[in-house]
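Participant: Show me the folded form of this:
(one chain, ligands or ions: 1)
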Amino acid sequence: MQKRELGKSGLEVSAIGLGCMGLSYGYGPATDIQEAVSLIRQAFERGVTFFDTAEAYGPYKNEELLGEALAPFRSEVVIATKFGFNFDANGGQSGMNSRPEHIRAVADQALKRLKTDVIDLFYQHRVDPDVPIEDVAGTVKALISEGKVKHFGLSEAGVQTIRRAHAVQPVTALQSEYSLWWREPEQEILPTLEKLGIGFVPFSPLGKGFLTGAISEATTFDSKDFRNIVPRFSKEARKANQALVDLLTAIAARKKATSAQVALAWLLAQKPWIVPIPGTTKLHRLEENIRAAEVELTAEDLTNIESALATIKVEGDRYPAHLQARVNR
Ligand SMILES: NC(=O)c1ccc[n+]([C@@H]2O[C@H](COP(=O)([O-])OP(=O)(O)OC[C@H]3O[C@@H](n4cnc5c(N)ncnc54)[C@H](OP(=O)(O)O)[C@@H]3O)[C@@H](O)[C@H]2O)c1
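Facilitator: Numbering: from 1, shown residues only. Modelled structure (predicted):
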């Protein structure tokens, strides 16, 4: 697969990465460990060199999974993980925590779980209103100088926070939601990243599965599936948003591609420093998503998509209110 550089950081990764969260967390029961290990290794064999995880996925289980799966070719891949929460005894999130001593402890534990001596990219998972971002950036800077971390990242941070962090420790990548049905980053975020030479890693690039056409009004989710509490996935919203899926299906047919591939190719076409990280638990979908790197959207395709999108209003918030309060700070 083609490679891309995340901003001007020198960090080179496959044009499409693998989001590993859903293998352990978020979308219902975890995938069997050996199946998940095999899927991750098959991704590597097919050219994926960028793997995304977080302490919070499980918690801990997803990092442990990547540690096992990637050990045989550790030096050939880039592992990104994240810090920034406390957890209760049941594994639930019990608040944000980006205090310097906590970041240090999480780094040490993540290194063990990932079976590695360095974290390639260490993101703050959400901006912590109780800790100045300069202190967070300064702590990661120290971890970089100690050789425990190579690159610093932020997730769902606003432009002021990005600028302040970048002044202390250059930020390699911002990871935030961006896709055909969530385009807010185009307003302020993308121009800021371009100016500062920071790469962008869109999460949920397939709209948590909706943009692929595999989810309809009739779909029911597992009781543990996060989408049960997402307003954009209410029955009414799914019904209303079907127009977007229909549009994508039509474009995909013209391009002899699938809707998922068009959704990913569209992201790749926005900027050469954008690297989406679709997640899947299934090999055939992994292969389909990887092949999106070969789907080229022409300037005419992009204009057609743009004018078609302008006729569609996406319904439903992308997060419930208590989680919405944590983004774009
Ligand atoms: N920084 C953050 O706060 C944050 C938040 C969310 C996610 N993330 C990261 O971003 C990664 C990706 O995001 P995401 O998993 O939320 O959403 P996503 O990649 O947009 O969608 C994943 C969903 O789409 C389905 N899917 C994948 N490929 C498909 C295909 N070709 N056809 C039909 N369905 C397909 C998957 O189901 P199957 O498994 O059944 O294929 C899964 O339910 C995560 O794994 C995680 O690493 C980060």
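
Participant: alpha carbons only for contacts and neighbour counts from here, please
Facilitator: Will do.

Participant: Which residue ranges of the stretch 1-150 of the chain form strands?
Facilitator: 3-5, 12-14, 18-19, 50-52, 78-83, 85-87, 93-96, 119-124, 149-155 (DSSP state E, counting those that start in this stretch).

Participant: want to try JSON lines for these, with mean pLDDT as columns?
Facilitator: Listed next are these as JSON lines, based on pLDDT from 0 to 100:
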{"stretch": "strand 3-5", "mean pLDDT": "98"}
{"stretch": "strand 12-14", "mean pLDDT": "98"}
{"stretch": "strand 18-19", "mean pLDDT": "98"}
{"stretch": "strand 50-52", "mean pLDDT": "99"}
{"stretch": "strand 78-83", "mean pLDDT": "98"}
{"stretch": "strand 85-87", "mean pLDDT": "97"}
{"stretch": "strand 93-96", "mean pLDDT": "93"}
{"stretch": "strand 119-124", "mean pLDDT": "98"}
{"stretch": "strand 149-155", "mean pLDDT": "98"}
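
Participant: Is it possible to get JSON lines of the ones you listed that adds mean neighbour count and distance to L244?
Facilitator: Shown next, in JSON lines, are the strands of the stretch 1-150 of the chain (neighbours: other CA atoms under 10 Å; distance: least, CA to CA, whole Å):
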{"stretch": "strand 3-5", "mean neighbour count": "18", "distance to L244": "29"}
{"stretch": "strand 12-14", "mean neighbour count": "21", "distance to L244": "28"}
{"stretch": "strand 18-19", "mean neighbour count": "22", "distance to L244": "23"}
{"stretch": "strand 50-52", "mean neighbour count": "24", "distance to L244": "27"}
{"stretch": "strand 78-83", "mean neighbour count": "23", "distance to L244": "31"}
{"stretch": "strand 85-87", "mean neighbour count": "18", "distance to L244": "35"}
{"stretch": "strand 93-96", "mean neighbour count": "14", "distance to L244": "33"}
{"stretch": "strand 119-124", "mean neighbour count": "24", "distance to L244": "32"}
{"stretch": "strand 149-155", "mean neighbour count": "24", "distance to L244": "26"}
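
Participant: Next, count neighbours for A299.
Facilitator: Number of residues near A299 (other CA atoms under 10 Å) recorded here: 10.

Participant: F226: which of the strands of the stretch 1-150 of the chain is closest?
Facilitator: strand 93-96 (13.8 Å; CA to CA).

Participant: Sheet partners, orientation included, of that closest one?
Facilitator: Take DSSP bridges as the rule and strand 93-96 pairs in its sheet with strand 85-87 (antiparallel).

Participant: Show residues contacting the partner strand.
Facilitator: Here strand 85-87 makes contact (CA atoms under 8 Å, 6 or more residues apart in numbering) with A56, P59, Q93, S94, G95, M96, N97, S98, H125.

Participant: quick one: the helices in this structure?
Facilitator: Shown for the chain, the helices assigned by DSSP state H span residues 33-45, 61-70, 100-113, 133-145, 159-168, 189-196, 235-255, 259-270, 283-290, 299-309, 321-324.

Participant: who touches the residue of the stretch 51-200 of the chain found nearest the ligand in this structure?
Facilitator: Going by CA to the nearest ligand atom, the ligand is nearest to D52 of the stretch 51-200 of the chain, at 4.7 Å. Shown in contact with D52 (CA under 8 Å, 6+ apart): G17, L18, G19, C20, M21, I79, A80, T81, I277.

Participant: For the last one, list the residues it contacts.
Facilitator: I277 sits next to I16, G17, L18, G19, F51, D52, V201, P202, F203, S204, P205 when contact means CA under 8 Å, 6+ apart.

Participant: The helix or strand bottoming out on mean pLDDT in the chain: how far from the chain's middle?
Facilitator: In the chain, no helix or strand scores lower on mean pLDDT, DSSP states H and E than helix 321-324, which sits at a mean of 90. For helix 321-324, the separation from the chain centroid amounts to 18 Å (computed by CA atoms, centre = their mean, to the nearest Å).

Participant: Mind exporting the C-alpha coordinates of it to CSV?
Facilitator: Written as CSV, here are the backbone C-alpha positions of helix 321-324 (Å, rounded to 0.1, in the frame of the first residue of the first chain):
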residue,chain,number,x,y,z
ALA,A,321,-24.7,15.4,25.5
HIS,A,322,-22.4,14.1,28.3
LEU,A,323,-19.8,13.0,25.8
GLN,A,324,-20.3,16.0,23.5
